[in-house]
Each structure stands twice: as structure tokens, then as C-alpha cells.
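J.: Provide a 3D model corresponding to the input given below.
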Amino acid sequence: MTTALITHPACLEHDTGPWHPECADRLRAVRAALEAEEFLGLLRELAPLATREQLLRVHQAVHVDRILSIVPEGDDLVELDPDTIMSHGSAEAALRAAGGAVMAVDAVMEGWARRVFVATRPPGHHAERDRAMGFCLFANAAVAARHAQAAHGLQRVAVVDFDVHHGNGTQDVFERDDTLFYGSSHQYPCYPGTGAASETGVGNIVNVELAPGSGSAAFRAAWADVILPALDAFRPELIIVSAGFDAHKADPLAQLRVETADFVWLTRELMAMADAHCARRIVSLLEGGYDLQALASCAAAHVRALMQG
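T.: Here you go, the predicted model:
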């Protein structure tokens, strides 16, 4: 069963400045890891540009227009907030990241791949309908989910998020619509301050708070005991994964102490869920992960599992 990799060199041109954790070396590390011989069987595609129509299914027009209008000259940078930076190449990179997510949905729905990993940047799960934040410009997972509904007629689309930070942007888009499901485990308290267990939307949002230092057992329990049963009850027709690897014990931005093996375990659990409900269809989108070695090894392990399932 074909597994595809979607990426684009333009995503390396999103310059966040010196010392910023969400840097181009993150994507270089992931791409290098996926050049190993064991990944030669991946179907490799270049991410297209997302269209305005695709973005407007999620974002307000004023937000889309603002992001696309910011094209600094030369090496100049524009701070949208202290964390979220744009350079000359950022608008195209953001369009490629959202467009790659859309292409991945088309791939699994049209059947030329069953599982897809999208290795792009900037990440997306913090971007709200009308605001860029937390390193994110467009809400890539939400754009993909809305595309699955609009272009392919799906009635129930799920996004599951194992990034160490809560995906407030995805939740912002989903929380009023019971045709969409969002499940997240995340360190709490932590940036961005959302994701309390009491935030349940219209019964379609499942947040599991994990204390700093929780480790593998708590991480696996959050999924096995809470999120996966809720996902099973939702009966998704497509699973989209916000695959952030910053819960890893080596990551400098948080303290959950998760192991690489835990990401592999969860990937296999999600594949089993996709086998049961989604004709095996999974779209996985790179989110966080800020220790380069850990990010590369975790992304490779995640893709290896997708290929083997």
C-alpha cells in the first residue's frame, strides 16, 4: 500500500531569524532522515500552492490577505508577534504547507496513496481563523479537513494532535461543528494556555492535560483510555494527524519526557483506527519538534510505521 511524502524546497525559505526554534534546519533534518535507503519506496511529490478558496474555508479574508501581503525585501523580517516571524519567503512557504495538506487529502481520497506524510513548514495548529500565532500562519490541518468535506463529500473528519502544545487554532475552527473531531494530548499548563479538559466544543473536542514530566505511561494512557475511544465512537472517514514531536524527552521547549517508541505505538494505534473506519486513509502533517536529532529520528520512526502498516 503506497505511502507518499509531500514536501517542497520553498519551505526552507521561510526565515525566522537567528536563534528561532522554528528554523529551516528542522525541515532539513527531517528531509535528510527520509533520504535513507529504507525510505526509497516513498512516493515523493512537491507541495502545490494552496488556493485562496481553500484558505477561506477556514480563515477570514482579512487574515489571508494580510499574510499574503507581507513580503519583506531582502533579509528583512516582520514580527507578527514575538514568536511569529515572516521573511521574503514566508508567504509562499505557508501556501505550500497548506497546499501540501490539501494534496495529501486528494492523494488518499483518489487512491494513489493510502497514507501521506507532509514535511513542510511553517506548522499550522496554532493559527486561528483570524490570527497567526505560535510560529503558525495558516491552519494546515483545518484547511485539509475542510477540503476533505468540500471537495470529497466527507461527513466526519478527525484531527488528532500529539504535539506537546495544544492546537488552539484547530480547536478554534472545529469547536462549533460536530462533523469535525479534534483530540489532543498536550502539556498543561504550557503555551498557548488553552486545552483544558473542560473545553469540549459541541461534544466533538477531547483534550487531555498532561503535567510536565508525565512521561510515557501517562502519554499512552491519555490516548488509550480517552482520545482513541472517543475517536472510535466518532467513526471518522478520514484521520488527519498533527504530528508534532516536541513531547520527546530531548525537546527544549517542553518537559513531557515522551520516548520515540511512544510515537511509534500511537502511529500504529491510529493506523488500526483508520483500518476500521477510514479505508486505511491517514494524512499526517509535521507540526513541532525542536531538537533536531530527536525530530529527525521521531519523524523517520513515524513514517517507517506508516509504511509498514
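J.: separation between the residue most central in space within the chain and Phe162?
T.: The centroid of the chain falls nearest to Ser242 when counting by C-alpha atoms, centre = their mean (2.9 Å). For Ser242, the distance to Phe162 under the criterion C-beta to C-beta, to the nearest Å works out to 7 Å. Quick note: C-beta positions are derived from backbone N, CA and C, even for glycine.
J.: which SSE is Val108 in?
T.: In this structure, Val108 is located in helix 90-110 according to DSSP states H and E.
J.: Give me the below-cutoff pLDDT ranges for this protein.
T.: By pLDDT under 70, the weakly predicted segments of the chain are 1.
J.: Which secondary structure elements does the longest strand along it sit against?
T.: Counting by DSSP state E, the longest strand found in the chain is strand 180-187. If contacts are counted by 3 or more C-beta pairs under 8 Å, 6 or more residues apart in numbering; DSSP states H and E, strand 180-187 sits against strand 157-161, helix 168-174, strand 205-210, helix 228-234.
J.: can we see that at 10 Å?
T.: Here strand 180-187 is seen to pack against helix 140-152, strand 157-161, helix 168-174, strand 205-210, helix 215-221, helix 228-234, strand 238-243 when contacts are counted using 3 or more C-beta pairs under 10 Å, 6 or more residues apart in numbering; DSSP states H and E.
J.: Am I right that Val202 is in contact with Phe174?
T.: Yes - Val202 sits in contact with Phe174 when judged by C-beta atoms under 10 Å, with a separation of 9.3 Å.
J.: shared neighbours of the two, which are they?
T.: A shared contact of Val202 and Phe174, defined by C-beta atoms under 10 Å, 6 or more residues apart in numbering, is any residue touching both; here these are Leu180.
J.: Who has more neighbours out of those two?
T.: With other C-beta atoms under 10 Å as the criterion, Val202 and Phe174 differ in neighbour count, and Phe174 comes out ahead with 26 against 11.
J.: Next, the contact list for the more buried one, please.
T.: For Phe174, the contacting residues are 139, 141-142, 145-146, 157-159, 167, 180-182, 201-202, 204-205, taking C-beta under 10 Å, 6+ apart as the criterion.
J.: Please report the distance of it from Glu199.
T.: Counting by C-beta to C-beta, the separation of Phe174 from Glu199 is 11 Å.
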